[in-house]
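Asker: generate a structure from the sequence data that follows.
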Amino acid sequence: MDLRVAVGEGVHLRVRRRDGAREPSFLLVHGLASNALLWDEMAAELARAGHGSFAVDLRGHGESDLPDSGFDAGTAAADLAAVATALELQDLVVAGQSWGGNVAVRLAAEHPALVKALALVDGGWIDLSTQFGSWEECATALRPPDLDGLRVDQMRGFLRRTHPDWSDVAIEATVANLRVGPEGLLARRLPIPRHMEIVRDMWEDPPQRFYPALVMPVLLVPAVPTDLERAARGRARVEAAAQALADATIREYPGGDHDLHAQHPRELAADLLRLV
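Answerer: The predicted structure follows:
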């Protein structure tokens, strides 16, 4: 069931709701330029275990509204708190992927009564200022590519070639990161300037300063690249995050994609259910 929930004046977010008889429910937070559909297969696994879930399209993403401002982790966390308040949710297991992990950290730190446990899926420890020598270098590397003239069939073909182990559901959910025009041409849902506002906020305000406020169990779920040097650097960042948290567990996915929820929905759901 899709809901539209007001989080501010003139701003409504889409929430994909699945009901379950067992507590707790799960709040699922996508990454930058992604959308709630990518959680669908994992949400179905949670439902089979009896747990409800709420996957949110953050502002400017998916089917949510695109206002002129609010493209930072603090506003995104406040939006999630507003969704929880509107739907009378509490004691949630919150899972955030990539930038959504950073947002989930902020939510848990500022609204601890809402969060029973936290799962950070290849994110939640992202500090761009330690990965690039300057903001200009970071902005150049992370500016999304232009898509003018790209057709939806080309995008599907690219995704199937680069992610051969993804399901058709995951492929179509990823296509939904973009808007498909009447002639099959793709357009961005999140404009590049708004995208870069989020990247700049990630550069200026990484999540580590909020770790001391996190007293709930935290599961860190990194995708470990096959490149040994990159894997070592990534593992060091994750271990540093775990050491700074009061109650942290690491569950690695060797060779996993950044979108672990798309690649391994059943396994990831099982890992999150251990937080219940």
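Asker: so residue 150 touches residue 185, yeah?
Answerer: Yes: between residue 150 and residue 185 there is a contact at 7.0 Å, judged by CB atoms under 8 Å. Every C-beta, even on glycine, is put in place using the N, C-alpha and C of the backbone.
Asker: and the helices in the stretch 51-200 of the chain?
Answerer: 73-86, 99-110, 135-142, 152-162, 168-175, 192-204 (DSSP state H, counting those that start in this stretch).
Asker: in this structure, which spans are strands?
Answerer: 2-8, 11-18, 22-29, 51-56, 92-97, 115-121, 178-180, 186-188, 218-221, 223-224, 248-250, 253-254 (DSSP state E).
Asker: tell me what the fifth one is packed against?
Answerer: What it means is strand 92-97. If contacts are counted by 3 or more CB pairs under 8 Å, 6 or more residues apart in numbering; DSSP states H and E, strand 92-97 sits against strand 22-29, helix 99-110, strand 115-121, helix 260-263.
Asker: for the lengthiest helix in the chain, the distance to its chain's centre please.
Answerer: Using DSSP state H, we find that the single longest helix of the chain is helix 228-244. In terms of CA atoms, centre = their mean, to the nearest Å, the centre of helix 228-244 is set 19 Å apart from its chain centre.
Asker: run through who's touching that helix.
Answerer: 120, 124-125, 127, 130, 208, 211-212, 220, 222, 224-225, 248-250, 252 (CB atoms under 8 Å, 6 or more residues apart in numbering).
Asker: go again with 7 Å.
Answerer: If you take CB atoms under 7 Å, 6 or more residues apart in numbering as the criterion, helix 228-244 is touched by 125, 208, 211, 220, 222, 224-225, 248, 250.
Asker: same check, this time on stretch 264-276
Answerer: If you take CB under 7 Å, 6+ apart as the criterion, stretch 264-276 is touched by 24, 26, 41-42, 45-46, 49, 93, 95, 117, 119, 121, 217, 219, 221, 251, 253, 256, 260-261.
Asker: could I have the ChimeraX command that selects the buried members from those residues?
Answerer: Per 16 or more other CB atoms under 10 Å, the buried members of the contacts of stretch 264-276 correspond to this ChimeraX selection:
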select :24,26,41,42,45,46,93,95,117,119,121,217,219,221,251,253,256,260,261
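Asker: buried residues, stretch 62-69. List them.
Answerer: By neighbour count on 16+ other CB under 10 Å, the buried set for stretch 62-69 is 62-65, 67.
Asker: scratch that, stretch 245-255
Answerer: Buried, per 16+ other CB under 10 Å, within stretch 245-255: 245, 248, 251, 253.
Asker: just the terminal-to-terminal distance for that stretch.
Answerer: 25 Å (CA to CA, to the nearest Å).
Asker: from now on call the first residue 39
Answerer: I'll keep to 39 as the first residue from here, and by that count the last item is stretch 283-293.
Asker: from the strands of the chain, which stretch is densest packed?
Answerer: Stretch with highest mean neighbour count among the strands of the chain: strand 130-135 (a mean of 29; mean count of other CB atoms under 10 Å).
Asker: and that strand, which strands flank it?
Answerer: Looking at strand 130-135 with DSSP bridges, its partner strands are strand 60-67 (parallel), strand 153-159 (parallel).
Asker: closest one to residue 122 among those strands?
Answerer: The closest approach between residue 122 and any of those, judged by CB to CB, belongs to strand 60-67 at 7.1 Å.
Asker: can you give me how far the closest one is from the chain middle?
Answerer: Using CA atoms, centre = their mean, the mean C-alpha position of strand 60-67 is found 15 Å from that of the whole chain.
Asker: residues in contact with that strand?
Answerer: In contact with strand 60-67 (CB under 7 Å, 6+ apart) are residues 77, 81, 84, 88-94, 118, 127, 129-134, 138, 141-142, 154, 310, 314.
Asker: same check on stretch 105-125?
Answerer: With contacts defined as CB under 7 Å, 6+ apart, stretch 105-125 is touched by 43-45, 48-49, 51, 53, 65, 67, 92, 94, 96-98, 130, 140-141, 144-145, 148-149, 152, 232, 235-236, 239, 243.
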